[in-house]
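[1] All I have is the shape, not the residue letters:
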């Protein structure tokens, strides 16, 4: 099985044209300078469902400042299914695509691979609001799309149809969104565009390319479950480089010799830190056992030979992982099927494919030495 995010998600974003990308602003601009372009797009009609995080203050609606929240930027292509619309764009061009979207703007999009994850974020927010009514430390979701602003009406209608609480949009009309991610203080960017994910990682933004299983397993509606690989995801690819260059025996030797030397951080360490910060807010209120956030380390490392360094690194960072699975090279897909995470992050497509085959929504983190060495069936992985 070979997954291609373009094939899975049915093509590039409709407005991502072949012409050179236009400038999308100074990433160092203040929040006030950036706010105008990506404003919230108006109030929603009240619906039953999760507790809304906005609150009335002095006659207006108050939203958390991005620097205080855990900001998740999600592309429209992974939040919703847009294959039919993409076909219109590919066969008939931009103008017909926009016309089609406007003609169908009252028809909501179906949920995409990121949809259950976003719903779980809102569930956590509802619990946080019950415990900390005045706190801005919660998840803030930004919808990022290459689409023309005319398509925004259908996106808003879809969000209201599914009772999602997403008020912040960036519709870039074909320009790269990466500069705006900096302005939003983005903690995680999820997209179907592998090139944009790589661009975000190069800018120091945690990012991953999402894949949709053909048959998705059911996930919890009351607890957010996030699973991480270790090397080149939470940690650097230092150890993976040893394995690729010198083999498994040298890798084990290197880990034993350096078990008290901390691993350097990987691209998603900051996101795990953000999750841990919110978990501690629940722990402080006596909700450790029923915390609505649960994290997992799912690594091909073996416990006795190379696991201790990973655990010591997490402990030194002050990070807690609720469950750690050291598989010693065994397939990850069956374990992930039992965990049922809302999202699983891995740097190797081999493991992403295995997860997707078992029904898990998986996200590829294109970082580190493994991108230069595609996994061959029948070989063990060190991590």
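    Great, that's in hand. This one's a predicted model, so the numbers in the text were calculated from it and none came from an experiment.

[2] can you give me the strands in this protein?
    Counting by DSSP state E, the segments of the chain that form strands are 55-57, 60-62, 70-75, 80-81, 110-111, 139-145, 168-171, 186-191, 207-211, 224-228, 293-299, 323-326, 343-346, 362-364.

[3] roughly how far apart are the residue positioned nearest the centre of the chain and residue 342?
    Closest to where the C-alpha atoms of the chain average out (Cα atoms, centre = their mean) is residue 190, at 4.2 Å. Residue 190 sits 11 Å away from residue 342 when distances are taken as Cβ to Cβ, to the nearest Å. Yep, even glycine has a C-beta here, placed from its N, CA and C like the rest.

[4] again with residue 272
    Here the criterion is Cβ to Cβ. By it, residue 272 lies 15 Å from residue 342.

[5] Likewise for residue 228?
    With Cβ to Cβ as the criterion, residue 228 and residue 342 are 12 Å apart.

[6] quick revisit: quick one: the residue nearest to the centre of the chain and residue 206 touch, right?
    No. Taking contacts as Cβ atoms under 8 Å, residue 190 lies outside contact range of residue 206: 9.6 Å.

[7] quick one: contacts for the closest residue to residue 355 other than its chain neighbours?
    Closest residue in space to residue 355, ignoring its immediate chain neighbours: residue 362 at 4.0 Å, by Cβ to Cβ, 6 or more residues apart in numbering. Residues near residue 362 by Cβ atoms under 8 Å, 6 or more residues apart in numbering: 210, 211, 213, 336, 343, 344, 345, 346, 351, 352, 355, 356.

[8] For beta bridges, what are the partners of residue 362?
    Beta-bridge pairing of residue 362 under DSSP bridges involves residue 211, residue 344.

[9] Dump the contacts of residue 362 to TSV, plus neighbour count, pLDDT and distance to residue 280.
    What follows is the contacts of residue 362, written out as TSV (neighbours: other Cβ atoms under 10 Å; pLDDT from 0 to 100; distance: Cβ to Cβ, whole Å):
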residue	neighbour count	pLDDT	distance to residue 280
210	27	96	28
211	23	92	31
213	17	87	32
336	26	96	26
343	24	98	21
344	27	98	23
345	28	98	21
346	30	97	26
351	26	94	29
352	27	95	30
355	29	94	28
356	25	95	32
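
[10] gap between the residue nearest to residue 355 and residue 326?
    Taken as Cβ to Cβ, the spacing of residue 362 relative to residue 326 amounts to 19 Å.

[11] Residues that sit against both of residue 190 and residue 342, list them.
    residue 117.

[12] Rebuild the strands of the chain as JSON lines, extending it with distance to residue 243.
    Supplementary listing: the strands of the chain in JSON lines, determined by distance: least, Cβ to Cβ, whole Å:
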{"stretch": "strand 55-57", "distance to residue 243": "50"}
{"stretch": "strand 60-62", "distance to residue 243": "50"}
{"stretch": "strand 70-75", "distance to residue 243": "32"}
{"stretch": "strand 80-81", "distance to residue 243": "38"}
{"stretch": "strand 110-111", "distance to residue 243": "38"}
{"stretch": "strand 139-145", "distance to residue 243": "35"}
{"stretch": "strand 168-171", "distance to residue 243": "39"}
{"stretch": "strand 186-191", "distance to residue 243": "27"}
{"stretch": "strand 207-211", "distance to residue 243": "22"}
{"stretch": "strand 224-228", "distance to residue 243": "19"}
{"stretch": "strand 293-299", "distance to residue 243": "13"}
{"stretch": "strand 323-326", "distance to residue 243": "15"}
{"stretch": "strand 343-346", "distance to residue 243": "15"}
{"stretch": "strand 362-364", "distance to residue 243": "19"}
